[in-house]
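Participant: Predicted model, plus sequence, below.
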Amino acid sequence: MLIKTSVLCFTLGLLLAQGKTFNGIILDSGKKEPIPSANVQIKDSTLGTSSDDDGKFSIDLENMSEFQLLISVIGYEDTTITISDVKPDSLTEFYLNPTVIEFKELSVHSHRLKDQNIAPSSVSLFGNQFQKSTKNSLASTLAGESGLAVRSFGQATERPILRGYSGDRFLITRDGTELNDLSATSADHAVSTEISSMDGVEVIRGPESLLYGSNTIAGVINLSPLLSNRKKVDKSEYKFIFGHENSNKANVAYIGSIVPIGKYQISTSISSRTADDQASPLGLVENTALSKSDIFTSIGRYNKKGYSLLSLENFQMSYGIPGSPEGHINGVDLKMEKFSQKFEYHSDINLGIFNTVDFEQGYVQYEHREFENNKSYHAVLLSHDIIYFKLNASSETLKLGSLYQRKKFIAGGFYWTPDTYEDRIAIYSSIKTYFFNYEANFSGRIEHRFINPRGGETFFSNLNPAEIYSRNFTLFSGGFSLYKQQENLSNYYQFLITSRAPSIEDLFSDGPHLGNYAYEIGDPNLGQENTFGFENTISWFNASSTLDLTSYINYSPNYHISAKMGDGYVPGADWIEWGSGPIGWLYKYNLIGLEAVIYGLEPSLQFKFKSSKLSLNGSIIRGIDIGNDIPLSYVPPDQLRIQYEKNILFMTNTFEAIIASPQDKLGEFETKTDGYNLFNYFASYTISKNEKMHKIIFQLRNILDQTYYNHLSKIKMIMPEAGRSLNINYRVYF
């Protein structure tokens, strides 16, 4: 009760602290674009603040009619301006000049990423907004955004769920390139990235998502690294991050640098994260500790027309899966390692309508091992080698590209999936135009996949070896969008047809999956999954408020889902595989295709005041198994998020409430999850001066230490989610 009262009093105090206010916006003098996280201070006083993601700031004055304003931010010249006339209801513009350092005979070439014709429902988190939201994983960082949920099997395995879609119905990319791990195939597989080494993340929806893959009905999650060699810098840059989370005694460290040397540039970064067992209000979730490291280096060469980049990365991770009454009571230990090599070539050209060309070659070697708790030898091995080539040409209105990829999949131990080769060939394009006074985007993709298993002497318990044969899939995906704005109202319409080929494991799995506590059975005759989707966003806006209402519906005549074949311990039952696991059995799961529809509503409302902002966004998702007239399994509950943000001095304060409904719309063998209310507080304190930026970020999550359960967690029957947690993150950029 005391905590609730204190939070309420603090919030009311902030709301009432308005008084005489000076409002401004900080812009780049050349590009006329907003500059976030700029340090703004009144000279010879303690009054100050920092600009928000839109470049805006407000300072509550103390009976001042004339003062000097000091503005500083890394990458721009320090600026001092005398203010003699304060107009509380106006917005004063301030333009900063970038800091430029000349090098003799140095050609600087960089491209800002072209704006994509993406859906208004897309999510973009960059700058201070991303930094204050960054948590222990990609999924938890995005949690709370409309349509975003978290699938987990302990803290190490958190993966985003988009609009109820899991698996490879969306892609996770880094700088536009797929991560190429196995996190999409099973709940116990971790995402091969460290979120603290990123500068931002976006969820891309719309027809242009087909440029990334054939099945992006839920979208594309694209990560942007803190240091990227795609941009030539004028001088060396260094970035340091250190953080601690008390609930699981986690520590994170990141060190990165970009060093220009004549026409060349070297980028290097090292990141590390360790965490003890996850704490909950009911105690520790045993065997959930983790450790991971990421070493990245890249060298680039630049000229007036483009650049060439060679990058190498090694990512390693060790983590645990907690025990379960089904399968391994003491838990499972997992180790994952991924080595990546990538070569990129970019050039300005003058070839017909095309003005840029990009070539990319990459290689990925991935290995995932599963161990019974405290054992030294693995019981399951999953690995793959991937090599790919991409060629893209683009103009302001047209993008055209092609892809060839070859993957060799290898399984070992007690996981009986045959070694398999998969070849993938794709051609894709996107065009922007006008159609009946609407801004229009048309995109299409043709992809062929050839899957060739090497059955040989592979053991099968439930599959017929005669059905293990080569499969071919030709996938056609396409879509269009229409957008129109009239005064304070805009409309967006989108239609997509996407296709998805079953994965190697979807087709040929027949064995116990240690980390997933399941005996997994594929379907060698499974057909491709097609989805027909429609989306509409209506937006209303004025100078101080915005209302967005997004609705969508996706229909799949052959929706692939891993379904439990039965429930309950019944000796001799055909839904149990006898002889697996320490207690002698595992539940069987098999891949099936069913007719399904997923639809939803995502309202969003934002109010901007003189020195604060109030935001609300919600998510309502429904999934129906049409054939059996029951809800689909693994659909997240309804959710509402409320955020109030206010800048005081140099600190940005955000108060957040997340309200989740009970999930009682259950698929077969699912159990109900109660609703919950969470209260969080975030704050960031920024000082920028003399080309250095220091930022301290505080996160106080689950302030009331509520006991709650995530419906999409595979261990919700064992332990609840994390309790009260204090995170501190310190960043230095120079």
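Facilitator: Looks like it came in fine.
Participant: Show me how the record splits this protein into domains.
Facilitator: 2-96, 123-325+345-733 (automatic domain parsing).
Participant: give the contact list for the closest residue to residue 523 other than its chain neighbours.
Facilitator: Counting by C-beta to C-beta, 6 or more residues apart in numbering, residue 591 is the residue found nearest to residue 523 once chain neighbours are left out, at 4.7 Å. Glycine gets a C-beta too; all of them are placed from N, C-alpha and C. Neighbouring residues of residue 591 by C-beta atoms under 8 Å, 6 or more residues apart in numbering: 502, 506, 507, 509, 521, 522, 523, 526, 560, 561, 562, 563.
Participant: Is residue 86 in contact with residue 22, as I believe?
Facilitator: Yes: counting by C-beta atoms under 8 Å, residue 86 touches residue 22, with 5.4 Å between them.
Participant: what sits in contact with each of the two?
Facilitator: residue 61.
Participant: of those two, who's got more company?
Facilitator: Taking other C-beta atoms under 10 Å, residue 86 and residue 22 do not tie; residue 22 has more neighbours (25 against 17).
Participant: Now do the contacts for that one.
Facilitator: Shown in contact with residue 22 (C-beta under 8 Å, 6+ apart): 58, 59, 61, 83, 86, 88, 92.
Participant: Need the three-state assignment for the fifth one.
Facilitator: Think residue 86. State at residue 86, reduced to three classes by DSSP: H, G, I helix; E, B strand; the rest coil: coil.
Participant: which stretches of the stretch 551-700 of the chain have low pLDDT?
Facilitator: Across the stretch 551-700 of the chain, the ranges flagged by pLDDT under 70 are 579-584, 649, 690.
Participant: circling back to that earlier point, can you list the strands that whichever strand or helix holds the residue nearest to residue 523 pairs with?
Facilitator: Following DSSP states H and E, one finds residue 591 within strand 585-608. Here strand 585-608 is paired, per DSSP bridges, with strand 518-521 (parallel), strand 545-564 (antiparallel), strand 576-578 (antiparallel), strand 612-625 (antiparallel).
Participant: could you dump those to JSON lines with mean neighbour count and distance to residue 435?
Facilitator: Formatted as JSON lines, the strands paired with strand 585-608 follow (neighbours: other C-beta atoms under 10 Å; distance: least, C-beta to C-beta, whole Å):
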{"stretch": "strand 518-521", "mean neighbour count": "24", "distance to residue 435": "46"}
{"stretch": "strand 545-564", "mean neighbour count": "19", "distance to residue 435": "21"}
{"stretch": "strand 576-578", "mean neighbour count": "19", "distance to residue 435": "55"}
{"stretch": "strand 612-625", "mean neighbour count": "19", "distance to residue 435": "30"}
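Participant: Out of the ones you listed, flag the one nearest residue 723.
Facilitator: Nearest to residue 723 among these is strand 612-625 (24.1 Å), distances taken as C-beta to C-beta.
Participant: got the contact list for the helix or strand just after the closest one?
Facilitator: Next helix or strand after strand 612-625 toward the C-terminus (DSSP H and E): strand 630-631. Residues from elsewhere that reach strand 630-631 (C-beta under 8 Å, 6+ apart): 622, 623, 624, 625, 665, 666, 667, 668.
Participant: Next, work out how far apart the first one and residue 71 are.
Facilitator: The one in question is residue 622. As judged by C-beta to C-beta, to the nearest Å, residue 622 and residue 71 stand 49 Å apart.
Participant: now swap in the last one and tell me
Facilitator: Shown here: residue 668 relative to residue 71, a distance of 60 Å by C-beta to C-beta.
Participant: what about residue 131, which helix or strand?
Facilitator: Remark: residue 131 resides in helix 127-133, with elements defined by DSSP H and E.
Participant: So which elements touch that helix?
Facilitator: Secondary-structure packing of helix 127-133 (3 or more C-beta pairs under 8 Å, 6 or more residues apart in numbering; DSSP states H and E): strand 198-204, strand 651-660, strand 676-689, strand 692-701.
Participant: one step back: tell me the buried residues in the strand holding residue 591?
Facilitator: Neighbour-count burial for strand 585-608 flags 585-591, 593-594, 596-606, 608 (criterion: 16 or more other C-beta atoms under 10 Å).
Participant: With stretch 698-718 instead?
Facilitator: Going by neighbour count (16+ other C-beta under 10 Å), the buried part of stretch 698-718 is 698-699, 701-703, 708-716, 718.
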